[in-house]
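Novice: Return atomic coordinates for the entry below.
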Amino acid sequence: AAAYYNAVWRNLLELLFDDELPTGLKADGDARWRSAVQVLLANPKSAWWDNKLTPNVTEGKDEVLRQALVEARLELTRELGKDPAKWQWGKLHRLTLEHPVLGGDTVPGPVRWLVNEGPHDMPGGSSIVNANGWTASEGYEVDWAPSMRMVVDLSDLDRSTWINQTGVSGHPTDAHYADQVEDW
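Specialist: Residues are numbered from 1 along each chain as shown. Next up, the predicted model:
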């Protein structure tokens, strides 16, 4: 359900806005776009519901919503298979922890393999506990997440715990380089 919901959201943004926005500007799916879509849903006669790329056709709200649903289904079928029961948000929404200096595409593959961690299937999104985010106009990959997580016991601060996104060592060959990733 989460995979389908987010795929519908991503496709709806594309259908609503990509034909109207200037080149290079895309609907990234953050809170301002949610607000805009909320307003548009209450205004089915808005010109935003018409796809400018289809001249002589006026789609309207219901048609654009239908197209977003269908495109999401087609996309997920391509990416995750024909059985919706096997669609999992985490198979699309993945995080690769890249070393800031040695982890990029310009570095040889064996070095990236040594210093980067992942990809890891991630649950959720930007508005939940254990938040992480993605940019709808660029795909489903996680593009931000907290560097650490903390649980504070306000009745006994000494019982508070925290964990790093990766580990406590900055050295890729050290056992503590990525020993906290799974718990994080």
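Novice: which helix of this protein spans the most residues?
Specialist: Longest helix in the chain by number of residues (criterion: DSSP state H): helix 60-80.
Novice: Going by neighbour count, which residues in that one are buried?
Specialist: 61, 63, 64, 65, 67, 68, 71, 72, 73, 75, 76, 80 (16 or more other CB atoms under 10 Å). To be clear about C-beta, it is placed using only N, CA and C from the backbone, and glycine gets the same treatment.
Novice: Check which helices and strands that helix sits against.
Specialist: Other helices and strands packing on helix 60-80, by 3 or more CB pairs under 8 Å, 6 or more residues apart in numbering; DSSP states H and E, are helix 2-17, helix 89-92.
Novice: swap the cut-off to 10 Å and go again
Specialist: On a contact count with 3 or more CB pairs under 10 Å, 6 or more residues apart in numbering; DSSP states H and E, helix 60-80 meets helix 2-17, helix 31-41, helix 89-92.
Novice: pLDDT (mean, whole number) over it?
Specialist: Average pLDDT, helix 60-80: 97.
Novice: then it to PDB, C-alphas only?
Specialist: Extracted in PDB, the C-alpha atoms of helix 60-80 (Å, rounded to 0.1, in the frame of the first residue of the first chain):
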ATOM      1  CA  GLY A  60     -10.000  17.400 -15.900                       C
ATOM      2  CA  LYS A  61      -9.500  16.300 -12.300                       C
ATOM      3  CA  ASP A  62     -11.000  12.800 -12.500                       C
ATOM      4  CA  GLU A  63      -9.000  11.900 -15.600                       C
ATOM      5  CA  VAL A  64      -5.700  13.200 -14.200                       C
ATOM      6  CA  LEU A  65      -6.300  11.200 -11.000                       C
ATOM      7  CA  ARG A  66      -7.200   8.100 -13.000                       C
ATOM      8  CA  GLN A  67      -4.000   8.500 -15.100                       C
ATOM      9  CA  ALA A  68      -1.900   8.900 -11.900                       C
ATOM     10  CA  LEU A  69      -3.400   5.600 -10.500                       C
ATOM     11  CA  VAL A  70      -2.800   3.800 -13.800                       C
ATOM     12  CA  GLU A  71       0.700   5.100 -14.300                       C
ATOM     13  CA  ALA A  72       1.600   4.200 -10.700                       C
ATOM     14  CA  ARG A  73       0.400   0.600 -11.300                       C
ATOM     15  CA  LEU A  74       2.300   0.300 -14.500                       C
ATOM     16  CA  GLU A  75       5.500   1.700 -12.900                       C
ATOM     17  CA  LEU A  76       5.300  -0.600  -9.900                       C
ATOM     18  CA  THR A  77       4.600  -3.600 -12.200                       C
ATOM     19  CA  ARG A  78       7.800  -2.800 -14.100                       C
ATOM     20  CA  GLU A  79       9.900  -2.200 -11.000                       C
ATOM     21  CA  LEU A  80       8.500  -4.700  -8.500                       C
END
